[in-house]
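Colleague: Sequence plus predicted model, see below.
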Amino acid sequence: MKRLCFESGSGVRLARFEERSLLPVSAACLVANAMRERLGTLCRADIDLRLWPPAIPQPAAWPVIFEGANVFVVRGSRSDAAVVLRPFDACALAGLLFGETAARSEAAALSRLETEITRRAVERLAPALASACGETRLDIASSLDAVTYFELHVLSPVSCSIGIALAREPQSAVTTPLRAAALSACAVATHVEITLASVRAHDLARLKPGDLLEARDATARLCANGRTCASGTCGVVRERYAFRVGNGA
């Protein structure tokens with residue numbers, strides 16, 4: 001979804017449209033909390049986790065996100081998703097599942113046992129996606145045409161990231177359209193403009209209170225927010241200034 005944004009700074013700020021995810025941060029927070037609790041139960045450890053909020057990566061970014069990663073596709077009743085574990089993150093998570101908390105300097109290829117244990121762990125973690133995907137189940141597919149992406153950064157007892165890619169944006173809430181009749185009781189500030197005869201510049205510079213300027217004609221315009229609403233004439237009715245709407249209004 002494209003949203004109108006303004007650059008930071010004072011004075012006149014430039015406007016631009018940015019593509020932003022429709023997935024509420026609150027929904028991603030529910031996923032993060034559920035994932036933290038389930039991962040803590042699996043590893044029997046207190047998990048310190050941070051959320052990187054939902055975003056819509058550019059098309060060129062998706063190959064970078066998925067390159068060399070272990071991708072576990074989760075089918076959901078509302079949207080499919082993928083749990084993305086890049087090599088270092090998969091290695092750190094596999095070590096945590098085996099009770100290892102020491103930091104690793106580089107990623108190593110997972111053994112068949114580590115791969116299977118990681119897959120089963122993701123299967124246990126998949127229900128944490130319910131707030132974004134609905135009822136879920138793990139699939140054997142290894143790729144997904146995704147739209148929205150966010151990450152869960154595990155800070156302790158190990159450091160790793162769990163990427164979540166969603167195949168579908170949430171549907172926008174259907175709202176009742178605003179009709180003109182709903183604005184009929186709103187107060188609108190108006191003013192009247194009168195066309196004056198031409199005045200020489202040096203006379204204009206000498207104006208003082210009480211000076212009179214000649215009107216070019218009796219017509220005037222009724223304006224609201226810079227737009228002409230009606231034309232007519234100005235005058236006095238019962239000692240109050242008034243504007244009479246003309247036939248051409």
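Modeller: Yep, that arrived.

Colleague: Doesn't V154 belong to a helix?
Modeller: No: according to DSSP: H, G, I helix; E, B strand; the rest coil, V154 belongs to no helix; its state is strand.

Colleague: Surely it and D46 touch.
Modeller: No: counting by Cβ atoms under 8 Å, V154 stays clear of D46, with 11.2 Å between them. Placement of C-beta: from N, CA and C, glycine included.

Colleague: of these two, who's got more company?
Modeller: V154 (22 against 9; other Cβ atoms under 10 Å).

Colleague: Can you tell me how far the more buried one is from L49?
Modeller: Going from V154 to L49 by Cβ to Cβ, to the nearest Å gives 5 Å.

Colleague: and for the two, which residues touch both?
Modeller: L39 (Cβ atoms under 8 Å, 6 or more residues apart in numbering).

Colleague: which residues touch the helix or strand that contains C29?
Modeller: Using DSSP states H and E, C29 maps to helix 25-43. The contact list for helix 25-43 (Cβ under 8 Å, 6+ apart) reads 46-47, 49, 51, 53-54, 96-97, 99, 121, 124-125, 127-132, 150, 152, 154, 157, 162, 164, 170.

Colleague: Quickly list the domain ranges of this structure.
Modeller: Using automatic domain parsing, the domain parsing of the chain gives 14-166, 189-196+215-249.

Colleague: Ok, which of those domains comes nearest L183?
Modeller: domain 189-196+215-249 (12.5 Å; Cβ to Cβ).

Colleague: Low-confidence stretches in the chain?
Modeller: 1-6, 9-12, 16-18, 103-105, 140-142, 171-176, 248-249 (pLDDT under 70).

Colleague: Pick out the residue nearest the middle of it.
Modeller: R20 (4.4 Å; Cα atoms, centre = their mean).

Colleague: Is it correct that that one is in contact with I56?
Modeller: Yes: the pair R20 / I56 is scored as a contact, 6.7 Å apart, by Cβ under 8 Å.

Colleague: The nearest residue to P157 once chain neighbours are set aside: neighbour count?
Modeller: Nearest residue to P157 in three dimensions, chain neighbours excluded: T101, at 4.3 Å (Cβ to Cβ, 6 or more residues apart in numbering). The local packing of T101 (other Cβ under 10 Å) involves 12 other residues.

Colleague: Against I117, how distant is T101?
Modeller: Taken as Cβ to Cβ, the span from T101 to I117 is 16 Å.
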